[in-house]
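> this one's sequence-less:
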Ligand SMILES: N[C@@H](CC(=O)c1ccccc1NC=O)C(=O)O
Ligand SMILES: [Zn+2]
Ligand SMILES: [Zn+2]
């Protein structure tokens with residue numbers, strides 16, 4: 001039995017996308033009957049669909065593209081904390097947790113209830129937490145939400161402030177039922193050379 005827990009959203013035509021963004025599609029372009037040997041499929045999707053990482057180029061024209069991102073960000077020890085029923089997430093919410101030695105922090109908010117529908121509102125991350133988290137040595141922030149900023153934000157203050165402090169973003173995790181604690185995380189982006197984000201297969205393994 002696998003000890004790895006899948007914390008990714010499944011990718012099919014039902015996956016929720018940002019309003020107005022490209023829908024997910026998988027199609028067999030060449031069937032076994034046509035080719036005589038194999039089914040060959042192709043996918044089309046926004047890179048901000050489901051469980052994905054943001055590259056800084058998403059919100060900064062001079063920012064790094066996916067291929068330039070350090071793989072160490074996305075593999076290794078992580079801490080899951082549970083912050084349900086919040087209207088936003090600020091330093092006071094984190095101050096109750098001992099985050100010494102944590103480099104990858106995953107926040108379970110439980111705020112995105114029906115993942116087949118894009119949420120109307122989410123509890124945004126307050127940009128001030130970037131200074132606090134970088135002071136602790138945190139380099140990756142993951143959430144069970146489609147964004148770290150309010151969904152209608154054009155400034156994307158939390159995205160920018162996290163980037164300024166060297167903190168990378170992992171969005172759209174499925175953390176339902178994941179107990180707070182320490183886990184090994186694997187959530188590697190694809191080797192997309194020009195992209196501003198990438199879907200990931202994210203998984204956790206409990207550290208005893
Ligand atoms: N910044 C968002 C994504 C985002 O803003 C977005 C994604 C797809 C289509 C439109 C978007 N924003 C439009 O204002 C994110 O958290 O990754
Ligand atoms: Zn994104
Ligand atoms: Zn984002």
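Here it is on my side, so go on. On a predicted model such as this, the values are computed, not experimentally measured, just so you know. Ligands and ions are numbered 1, 2, ... in the order given.

> what about the longest strand in this structure?
Taking DSSP state E as the criterion, the chain has its longest strand at strand 75-82.

> Where do the helices of the protein begin and end?
Taking DSSP state H, the helices of the chain run over residues 32-35, 91-95, 129-136, 157-164.

> Same list (those helices) but as JSON lines, adding mean neighbour count and mean pLDDT.
C-beta: built from backbone N, CA, C; applies to glycine. Formatted as JSON lines, the helices of the chain follow (neighbours: other Cβ atoms under 10 Å; pLDDT from 0 to 100):
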{"stretch": "helix 32-35", "mean neighbour count": "10", "mean pLDDT": "96"}
{"stretch": "helix 91-95", "mean neighbour count": "14", "mean pLDDT": "97"}
{"stretch": "helix 129-136", "mean neighbour count": "18", "mean pLDDT": "98"}
{"stretch": "helix 157-164", "mean neighbour count": "21", "mean pLDDT": "98"}
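
> Could you export those as a markdown table, including distance to residue 187?
Shown next, in a markdown table, are the helices of the chain (distance: least, Cβ to Cβ, whole Å):
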| stretch | distance to residue 187 |
| --- | --- |
| helix 32-35 | 33 |
| helix 91-95 | 21 |
| helix 129-136 | 18 |
| helix 157-164 | 16 |
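
> Relative to ligand 3, which of the ones you listed is closest?
Closest to ligand 3 of those, according to Cβ to the ion: helix 157-164, at 5.5 Å.

> got the angle between that closest one and helix 129-136?
30 degrees (axes from the mean of the first three to the mean of the last three Cα atoms, to 10 degrees).

> and the gap between residue 176 and ligand 3?
Distance from residue 176 to ligand 3, counting by Cβ to the ion, to the nearest Å: 20 Å.

> need the contact list for that residue.
Contact analysis of residue 176 by Cβ atoms under 8 Å, 6 or more residues apart in numbering lists 108, 110, 144.

> nearest to residue 23, of those residues?
Nearest to residue 23 among the contacts of residue 176 is residue 144, at 21.7 Å by Cβ to Cβ.

> Check the closest one and give its pLDDT.
Looking at residue 144, its pLDDT reads 98.
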